[in-house]
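Asker: I would like the atomic coordinates for the input below:
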Amino acid sequence: MEKYGDMNSEQLIAETHKEGSLWYETAKEHGILEDFEQRRANSSNITIDMARGLCPDDREQYEETLNIRESCNLMRLESELNRELLFSA
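Answerer: As a prediction, the model looks like this:
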């Protein structure tokens, strides 16, 4: 908050999209950087791998956390579907 707390949206975008950032590198790798720079696009469906910016130990913990969240989301969805089936019968 100390570094970014006083920034407005345009300043935050400039900071997170600067050369060398995960956003910049991902856009460049997928061939859409020029579209953004020329304002022909302002969004995409490309996912940024946030773990790329982490050291190996932190990356492993991050990926484990994502896997746990995905498992929880699938279990919740399965539970909701079972509940719907139970009450629709």
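Asker: ok, residue 52 - how many residues close by?
Answerer: Using other C-beta atoms under 10 Å, residue 52 is surrounded by 10 other residues. (Glycine included, C-beta is placed from N, CA and C.)
Asker: with the one 5 residues further on instead?
Answerer: With neighbours defined by other C-beta under 10 Å, the count for residue 57 comes to 8.
Asker: quick one: contacts for it?
Answerer: Applying C-beta atoms under 8 Å, 6 or more residues apart in numbering to residue 57 gives no contacts.
Asker: averaged pLDDT, the host helix or strand of it. What do you get?
Answerer: Assessed by DSSP states H and E, residue 57 sits inside helix 56-88. Mean per-residue pLDDT for helix 56-88: 93.
Asker: same thing with stretch 22-30?
Answerer: 96.
Asker: can I get that stretch as PDB, trimmed to CA atoms?
Answerer: Provided in PDB are the C-alpha atoms of stretch 22-30 (Å, rounded to 0.1, in the frame of the first residue of the first chain):
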ATOM      1  CA  LEU A  22       4.800 -10.300 -16.300                       C
ATOM      2  CA  TRP A  23       2.000  -8.500 -18.200                       C
ATOM      3  CA  TYR A  24       4.500  -7.100 -20.800                       C
ATOM      4  CA  GLU A  25       6.300 -10.400 -21.300                       C
ATOM      5  CA  THR A  26       3.100 -12.400 -21.600                       C
ATOM      6  CA  ALA A  27       1.600  -9.900 -24.100                       C
ATOM      7  CA  LYS A  28       4.800 -10.000 -26.100                       C
ATOM      8  CA  GLU A  29       5.000 -13.800 -26.100                       C
ATOM      9  CA  HIS A  30       1.400 -14.000 -27.400                       C
END
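Asker: thanks again, I'm all set now.
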